[in-house]
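Novice: What would the 3D arrangement of this be:
(chains A, B, C and D)
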Number of protein chains: 2
Amino acid sequence: MARDLPRSVGRASVLRVPRLSTVDLITIELRKAIFSGALPVGAPLGEVEIASQLGVSRSPLREAAQRLVQDGILVAVPGRGMSVAVIAGDQVADVYEMRLAIEAQAARRIARSRDAAALARIDAAFQELVVASEGDDPRAIGDADLEFHQVLVDAAGSDRLTRSMSALVMQTRIASFSAPEGYSVRRSISPTYRVLLDALSAGQEADAVAALEEQFAEAVSRLRGDDLTVDTVEVELADQAQVFDPIDARAAHDVH
Amino acid sequence: MARDLPRSVGRASVLRVPRLSTVDLITIELRKAIFSGALPVGAPLGEVEIASQLGVSRSPLREAAQRLVQDGILVAVPGRGMSVAVIAGDQVADVYEMRLAIEAQAARRIARSRDAAALARIDAAFQELVVASEGDDPRAIGDADLEFHQVLVDAAGSDRLTRSMSALVMQTRIASFSAPEGYSVRRSISPTYRVLLDALSAGQEADAVAALEEQFAEAVSRLRGDDLTVDTVEVELADQAQVFDPIDARAAHDVH
DNA sequence: GACGTGCAGATTGTCGACAATGAGACAGAA
DNA sequence: TTCTGTCTCATTGTCGACAATCTGCACGTC
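Specialist: Predicted structure coming up:
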């Protein structure tokens, strides 16, 4: 019925403004804080302190925190409050099991479609990783690595794969922070990356998945401290920042 | 050093009691309500009403709701509150894309390990599905189908795959409710199930994944209303229950 | 009669406060 | 000295209330 599409253009002329709620903002801020290490792994998060730093009340903070609990980034123990998750031991392998699920599916989609734009984006992300690897900043290398994998999944064009991957990127970073030897990254790029890229553009699904599996197996054993043969570069422990950006300037010590 | 493991047995003698928080309880209750259809798809959820039905205040309810938002089961629009998600159109295919990611990974693990106990559990779940399919209760068939897929993933033994699947089970049910023709299920069991089971016990990873892909392609086209060739059985629309169990008896109309 | 405007009702978003629970310190007994 | 019990303090969990926002209806105007 035409009456349902009344005045103005029938097809969406302007699309919905994606306003962000306060909870969204807080969630983003908390993610950044954890990802950067400003909120150290295992640290209990004092609700009053964090809330005041963000310039909000405890209610929206707690709501945001529940989202992170849901994606396994925070853990909540009933009487004891919440703390940043620690991902170590068997959990590390589980993170990579889940990553394999997501990334393998993305890889299959991409290999099957061989979409030029998608492949180009992935290649670009790989180049960023190559550049970062030439430097000595482990944080930059780690970021580029995670970004590459996120781009890989994004290129598959699935909302759910993308969202799931972003949670896994966080968990991977947390696992790195939780590593017994401290945060470190592989200095040289694993050959599996090029194998993966080649397989994707050649449309060889199985090879692409196999490359991912090998790459993840390496990563798991490195994170568990089993494999000391690969050359890594560590970050100084003093680099742990202790504060993070409040949502806006008026935040911090302010009377309501 | 032995001094670090002092009194009592060194290795965990009793394991942590997993007490559930109120937020956990509410989350479970909301899930049940949505899964059963008591909270209809697309329905805005009045916070005061639901909270009073559950016998809790709005704060813990809102916290629980944020978890469901994170799983894509509820949607929150800033000024307008939350409502049960509607999963239709392209989102249906996306749900199955994600399910393929999770279930294919689980299938690969199982096919690779060929763990007898795991295969037995899956077989048992399949038998339940067979039994349900012999009846005429579409809800029972749908439940058994989803349960089968959940068991399949559980059998892989990965916490994250399991958790992810439980969210996807919810989304699949929501997609069914959102279907243009109303809730319906396939009357006969797709032959892809037996192919899958055979491939799993034979250790044929690729065949198992292919069976899942085919099965999901069928499901997507059925849910989109494209495919009217398969025989389905629908549920009466009047069956929508409108209330759901409060957490405990003292709930509802009570002065605090 | 149709459209735009303003008001009223209801609902959400946020806050501060209170109650309940847990952690750590301290003292006393074995 | 070591363990146990108690006390205190800090923190979390929950609530009711207020302010901000949105929806629907009625009114006035073209």
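Novice: and the nearest residue to A:S164 once chain neighbours are set aside, how many residues sit next to it?
Specialist: The shortest distance from A:S164 to any residue other than its chain neighbours is 5.4 Å, reached at A:I102 (CB to CB, 6 or more residues apart in numbering or on different chains). For every residue, glycine as well, the C-beta is placed using N, CA and C. By the measure other CB atoms under 10 Å in any protein chain shown, the count of residues near A:I102 is 28.
Novice: Contacts only, for A:I102.
Specialist: Contacts for A:I102 (CB atoms under 8 Å, 6 or more residues apart in numbering or on different chains) come out as A:153, A:161, A:164-165, A:168, B:101.
Novice: rerun at 10 Å
Specialist: The contact partners of A:I102, taken as CB atoms under 10 Å, 6 or more residues apart in numbering or on different chains, are A:149, A:152-153, A:156, A:158, A:160-165, A:167-168, B:98, B:101-102, B:105, B:160, B:164.
Novice: Buried only: go through these for me.
Specialist: A:149, A:152-153, A:156, A:158, A:160-165, A:167-168, B:98, B:101-102, B:105, B:160, B:164 (16 or more other CB atoms under 10 Å in any protein chain shown).
Novice: is it true that A:V69 touches A:A76?
Specialist: Yes. Here A:V69 lies in contact with A:A76, judged by CB atoms under 10 Å, at a distance of 5.1 Å.
Novice: where do the contact lists of these two overlap?
Specialist: Joint contacts of A:V69 and A:A76 (CB under 10 Å, 6+ apart) are A:82, B:21, B:23-24, B:63.
Novice: Of these, which belong to helices?
Specialist: B:23-24, B:63 (DSSP state H).
Novice: buried residues in stretch A:139-156?
Specialist: Buried-residue list, stretch A:139-156, by 16+ other CB under 10 Å: A:140-146, A:148-156.
Novice: again with stretch A:103-119
Specialist: A:103-111, A:118-119.
Novice: quick check: mean pLDDT across that stretch?
Specialist: Averaging pLDDT along stretch A:103-119 yields 97.
Novice: chain center to it: distance?
Specialist: Relative to the centre of its chain, stretch A:103-119 is centred 20 Å away, using CA atoms, centre = their mean, to the nearest Å.
Novice: Stretch A:139-148 too?
Specialist: The answer for stretch A:139-148 is 10 Å, by CA atoms, centre = their mean.
Novice: mind checking the SS state of the residue lying closest to A:A140 once chain neighbours are set aside?
Specialist: The shortest distance from A:A140 to any non-neighbouring residue, by CB to CB, 6+ apart, is to A:A132 (4.7 Å). Here A:A132 takes the helix state, with states given by DSSP: H, G, I helix; E, B strand; the rest coil.
Novice: Please report the distance of A:A132 from A:S188.
Specialist: Distance, A:A132 to A:S188, using CB to CB, to the nearest Å: 12 Å.
Novice: okay, and the common contacts of these two?
Specialist: Common neighbours of A:A132 and A:S188 (CB under 10 Å, 6+ apart) are A:I141.
Novice: Give me the contact list for the helix or strand containing A:A120.
Specialist: Assessed by DSSP states H and E, A:A120 sits inside helix A:116-134. Here helix A:116-134 makes contact (CB under 10 Å, 6+ apart) with A:106-107, A:109-111, A:113, A:115, A:138-157, A:185-189, A:193-194, A:196-197, A:200-201, A:233.
Novice: one more time with 6 Å, if that's ok
Specialist: Residues outside helix A:116-134 that contact it (CB atoms under 6 Å, 6 or more residues apart in numbering or on different chains): A:110, A:140-141, A:144-145, A:148, A:151-152, A:155, A:189, A:201.
Novice: Show me which pair in the shared contacts of A:V69 and A:A76 is furthest apart.
Specialist: A:M82 and B:D24 (13.3 Å; CB to CB).
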